[in-house]
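Peer 1: The sequence isn't on hand, but the structure is:
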């Protein structure tokens, strides 16, 4: 059976059979043939068995409880919660929670006999002394971060007794219907055209704004004195605006580590109290990127707050603050923004580490994930006369209120900003390159300006005691030299380290180059190797360019519009009889004649205008071109002036008056 062998016959020979080798021992069983004949039956059997098991398991498995839906479970949980909150279960658990009432036994167990022996005294205790804390040291101070700057040239709103020259200029005539034709010359009756208010991004002067009190004329015998009538006019300025971030949170943490556990701790005094800042700069025109030696730095007194306040006396007002209010220390670290006219001052008056109102609006609208107020929290004001929060202060009689310390609101940074009014003192200063470094002066928490707020030397570390005693001796010596009746402000100041130098800031010559509508002729050509096509410039591209220079005596920017290509020189007299200029104060468009452009800027390259990823649509291609870029060369400074079409769009529209509707007699008129 199954081909395993044949039965021997009874008459078979009993001769010995030759034994097969062990290597061929399995050859007698034909497994291969057996599997070929019966493997299909075996597989079918296994399949039927598995099918039967699955059917049996499906029939015997409990069905899904249709009552256990999320809604049903939610109802059950709410019902259980209501039962817990409304039904009293005390009767069921009161026997399990007995309340002991044997108070006599509890008191008896708590009573212990007092040891009848004198107490050990390890040290003498001075009657009336406070509990001793840690000795007061000096906090670690940190330098300002990320000093940066921008050069600004333009007009600010000032006032004086003289009328501005621009007021006498005639109003510019309306635009012509055909841009190729000359416009009619204006006369005294030419109506005023106004600048589109969309472009007015600077200081907003409004007629009737209060001006500082004007001086009176000298009295002449027999004539009454009359006050001088001040008038508002644009004044030309050129300066560097420098900003930095003071690590206020890090400084506050350093103060806390030093003073929080010290004797006589006061949150108002023992926190960063800023007094002033100091500035040093160096001229690096010859090699802007070189390392600056320590002895090259020069004190820049024109950048200090006293000079800022002096300049402010001639301003009509100040621009709105860019940074959030709790990140500024007005008139101490954060100098006000001059009344810059027409220009968007936000980019060069802010700092990347300091949040602005625009950042908050973007965060609220979901455009930003980070909270710009991260690290800001309120610090409670401390009453200087509160005797329970720090031992009490006794301010000296006649103490200056500005010298009383007060904790600032805790924020990650404070904004340091000032203006260098000494950048350009004469025309030859254009092209100079400067670098700056700053440090901050803080009130000494161990030797405050207000004598009654200073801590006691007995609470200080030995090295601090020696330093404070030296300050006291120096102040006493200086006081002895003063005339009777005069007071001396105590020398209470500590300085942060100097910051890292700022990047080089170039006071470049004021030239505006704005490109728009770059157009070129591009034709397809076979690519190298014969694979595909590429666009090849067949005719050099051209661009509409607004080129503008400043007329310094009138503080007005003079623009002209030209069609330029590579090699175009932009200086010289304009082809027009007159040019439209914007009065920075009134925003009326005036007519300027006889102006000659003096900056010989040459267009060295015009790029762009090629079709964007064009797909063939019949015989036509996509007409949308790429954005253009124009590069000009200023031979006086050796600098390249780069204007990208999309970035310069707003300024181009403003100075070319392209948003006015040509030929409309009511375009831009005063209503």
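Peer 2: Nice, thanks for sending it over. Predicted, not measured: the structure shown is a model, and the values here were computed from it.
Peer 1: can you map out the helices along the stretch 551-671 of the chain?
Peer 2: Ranges of helices in the stretch 551-671 of the chain, per DSSP state H, counting those that start in this stretch, are 649-656.
Peer 1: Strands of that one, residue ranges please.
Peer 2: Assigned by DSSP state E, counting those that start in this stretch, the strands in the stretch 551-671 of the chain fall at 556-564, 579-582, 589-592, 602-607, 629-634, 639-644.
Peer 1: same check, this time on the stretch 401-550 of the chain
Peer 2: Under DSSP E, counting those that start in this stretch, the stretch 401-550 of the chain gives strands at 414-420, 433-442, 494-495, 505-506, 511-526, 533-551.
Peer 1: Adding mean pLDDT, distance to residue 356 and mean neighbour count, write those out as a markdown table.
Peer 2: All C-beta spots, glycine's among them, are computed from the backbone N, C-alpha and C. A markdown table is the format used below for these (pLDDT from 0 to 100; distance: least, C-beta to C-beta, whole Å; neighbours: other C-beta atoms under 10 Å):
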| stretch | mean pLDDT | distance to residue 356 | mean neighbour count |
| --- | --- | --- | --- |
| strand 414-420 | 95 | 10 | 26 |
| strand 433-442 | 95 | 21 | 22 |
| strand 494-495 | 94 | 29 | 16 |
| strand 505-506 | 92 | 21 | 21 |
| strand 511-526 | 78 | 26 | 18 |
| strand 533-551 | 82 | 28 | 18 |
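Peer 1: Go through the strands of the stretch 551-671 of the chain and pick out the most buried.
Peer 2: Ranked by mean neighbour count, these are led by strand 579-582 with a mean of 23 (mean count of other C-beta atoms under 10 Å).
Peer 1: same for it, what does it pack against?
Peer 2: Packing partners of strand 579-582 (3 or more C-beta pairs under 8 Å, 6 or more residues apart in numbering; DSSP states H and E): strand 556-564, strand 589-592.
Peer 1: Let me have those strands in JSON lines, adding mean pLDDT and distance to residue 52 as columns.
Peer 2: Below are the helices and strands packed on strand 579-582 laid out as JSON lines (pLDDT from 0 to 100; distance: least, C-beta to C-beta, whole Å):
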{"stretch": "strand 556-564", "mean pLDDT": "89", "distance to residue 52": "90"}
{"stretch": "strand 589-592", "mean pLDDT": "92", "distance to residue 52": "97"}
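Peer 1: On the three-state scheme, the most centrally placed residue in the chain is what?
Peer 2: Centroid-nearest residue in the chain, with C-alpha atoms, centre = their mean: residue 352, separated by 2.8 Å. For residue 352, the assignment made with DSSP: H, G, I helix; E, B strand; the rest coil gives coil.
Peer 1: quick one: average pLDDT of stretch 653-664?
Peer 2: Here stretch 653-664 scores 73 as its mean pLDDT.
Peer 1: where does the stretch 1-150 of the chain dip in pLDDT?
Peer 2: 1-29, 64, 66-67, 94-101, 114-132 (pLDDT under 70).
Peer 1: Could I get the full set of helices for it?
Peer 2: 31-60, 70-86, 90-93, 103-110.
Peer 1: so which of those helices gets nearest residue 348?
Peer 2: helix 70-86 (58.3 Å; C-beta to C-beta).
Peer 1: Can you show me the strands along the stretch 201-350 of the chain?
Peer 2: Using DSSP E, counting those that start in this stretch, strands in the stretch 201-350 of the chain cover 231-246, 274-283, 298-299.
Peer 1: So what touches the shortest one?
Peer 2: I take that to be strand 298-299. The contact list for strand 298-299 (C-beta atoms under 8 Å, 6 or more residues apart in numbering) reads 278-282.
Peer 1: Pull the number of nearby residues for the closest residue in space to residue 560 that isn't next to it in sequence.
Peer 2: Excluding its sequence neighbours, the residue lying closest to residue 560 (C-beta to C-beta, 6 or more residues apart in numbering) is residue 574, at 4.9 Å. The tally of other residues near residue 574 (other C-beta atoms under 10 Å) stands at 18.
Peer 1: Residue 574 and residue 595: what is the separation?
Peer 2: Distance, residue 574 to residue 595, by C-beta to C-beta, to the nearest Å: 7 Å.
Peer 1: tell me the phi and psi of residue 316?
Peer 2: Per-residue torsions, residue 316: phi -70, psi -30 (degrees, to the nearest 10).
Peer 1: count of residues packed around it?
Peer 2: 22.
Peer 1: ok so, going back, single out the most deeply packed of the strands of the stretch 201-350 of the chain.
Peer 2: When the strands of the stretch 201-350 of the chain are compared using mean count of other C-beta under 10 Å, strand 231-246 is most buried, at a mean of 23.
Peer 1: now that one, how far from the chain's geometric center?
Peer 2: 20 Å (C-alpha atoms, centre = their mean, to the nearest Å).
Peer 1: can you check stretch 502-519 too?
Peer 2: On C-alpha atoms, centre = their mean, the centre of stretch 502-519 falls 23 Å from the chain's centre.
Peer 1: again, but for stretch 191-200
Peer 2: 31 Å.
Peer 1: residues touching residue 512, list them.
Peer 2: So residue 512 contacts 546-549, 557, 559, 651, 655 (C-beta under 8 Å, 6+ apart).
Peer 1: Dump those into a markdown table; add distance to residue 160 as well.
Peer 2: Output for the contacts of residue 512, formatted as a markdown table (distance: C-beta to C-beta, whole Å):
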| residue | distance to residue 160 |
| --- | --- |
| 546 | 31 |
| 547 | 31 |
| 548 | 26 |
| 549 | 25 |
| 557 | 21 |
| 559 | 27 |
| 651 | 29 |
| 655 | 27 |
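Peer 1: Identify the farthest-apart pair in those.
Peer 2: 549 and 651 (14.4 Å).
Peer 1: so where is the stretch 251-400 of the chain shaky, pLDDT-wise?
Peer 2: For the stretch 251-400 of the chain, the ranges with pLDDT under 70 are 361-400.
Peer 1: how about the helices of it, start to end?
Peer 2: So, for the stretch 251-400 of the chain - with DSSP H, counting those that start in this stretch - the helices run 305-312, 346-349, 357-364.
Peer 1: Please name whichever of those helices is nearest to residue 430.
Peer 2: helix 346-349 (17.7 Å).
Peer 1: Not counting residues beside it along the chain, what's closest to residue 448?
Peer 2: residue 454 (4.8 Å).
Peer 1: Please list all residues in contact with that neighbour.
Peer 2: 446-448.
Peer 1: can you check residue 607 too?
Peer 2: Residue 607 touches 518, 541, 628-631, counting by C-beta under 8 Å, 6+ apart.
Peer 1: Let me have those residues in CSV, adding distance to residue 423 as columns.
Peer 2: Shown next, in CSV, are the contacts of residue 607 (distance: C-beta to C-beta, whole Å):
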residue, distance to residue 423
518, 34
541, 37
628, 33
629, 29
630, 28
631, 26
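Peer 1: As CSV, the helices of the stretch 1-150 of the chain with distance to residue 567 and mean neighbour count would be great.
Peer 2: Output for those, formatted as CSV (distance: least, C-beta to C-beta, whole Å; neighbours: other C-beta atoms under 10 Å):
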stretch, distance to residue 567, mean neighbour count
helix 31-60, 87, 10
helix 70-86, 77, 10
helix 90-93, 99, 8
helix 103-110, 105, 9
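Peer 1: Output those helices as TSV; include the columns distance to residue 347.
Peer 2: Converted to TSV, the helices of the stretch 1-150 of the chain look like this (distance: least, C-beta to C-beta, whole Å):
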stretch	distance to residue 347
helix 31-60	72
helix 70-86	54
helix 90-93	71
helix 103-110	74
